[in-house]
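S.K.: could you look at this predicted model? Sequence included:
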Amino acid sequence: MDTLVITLRVALSLGVVLALMWVLHRRVSKGQLGWTKAKGRRSAAVEVVARQGIGGKASVVVVDVEGERLVLGVTEHGVSLLTSGAAPAPELTIVTGPVVLPSVPRPVAPEPTAPAASADAFRAELDKQDQAAPSLPSELPMRPRNRSRRAVAVPTSAQLQGSILSVDTWRQAAAAVRNRRAG
């Protein structure tokens, strides 16, 4: 009789605890306790633009919230609004033409006075500059991997004797299980 009473008391206590947990879960999920459950993105995107410390535990913080820029004074006792205004539009860089990569400068051909003589002089000048200018590597240098290619060592059956990796160990274990079942 005592065990029946104790069992009923334990079951009733467990039921009360589970009901209380269920009620608290419902209230928290609906936000009735003052806590809000974040679903997806935040309603107001807050972006800290800059922060500058001005004392031991005091600082000035510039924040953008929903298109408005706020300057806040932050101390260990609280946060106060110093000033506010419209947030500036983000600066965009628009590329309208092709991007030109830097290259080795080539000399511009001089105005030819005598066609054959100036062309030969120009070619000679180009050859001198090509020899004097450092040549650009056609490929980027590769960093060594610092790994040597080693052959994979396969252990012998003598090295595996008595190990869990040994085939003989598994055969002995299977034989022991069979003998135990049969006997």
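M.R.: Received the coordinates, thanks.
S.K.: alpha carbons only for contacts and neighbour counts from here, please
M.R.: Fine.
S.K.: CA atoms only for the host helix or strand of residue 178, dumped as CSV, please.
M.R.: Assigned by DSSP states H and E, residue 178 belongs to helix 167-182. The C-alpha coordinates for helix 167-182 follow below in CSV (Å, rounded to 0.1, in the frame of the first residue of the first chain):
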residue,chain,number,x,y,z
VAL,A,167,43.2,-11.8,-38.8
ASP,A,168,44.3,-14.5,-36.3
THR,A,169,42.9,-12.6,-33.4
TRP,A,170,39.5,-12.3,-35.1
ARG,A,171,39.5,-16.0,-35.9
GLN,A,172,40.2,-16.9,-32.3
ALA,A,173,37.4,-14.6,-31.1
ALA,A,174,34.9,-16.1,-33.5
ALA,A,175,35.9,-19.6,-32.5
ALA,A,176,35.5,-18.7,-28.8
VAL,A,177,32.0,-17.3,-29.5
ARG,A,178,31.0,-20.5,-31.4
ASN,A,179,32.3,-22.8,-28.6
ARG,A,180,30.3,-20.8,-26.0
ARG,A,181,27.1,-21.1,-28.0
ALA,A,182,27.6,-24.8,-28.6
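S.K.: next helix or strand past the top helix by length along the chain?
M.R.: If you go by DSSP state H, the chain has its longest helix at helix 2-30. On the C-terminal side of helix 2-30, the closest following helix or strand by DSSP H and E is strand 46-53.
S.K.: I'm done for today, thanks for sticking with me.
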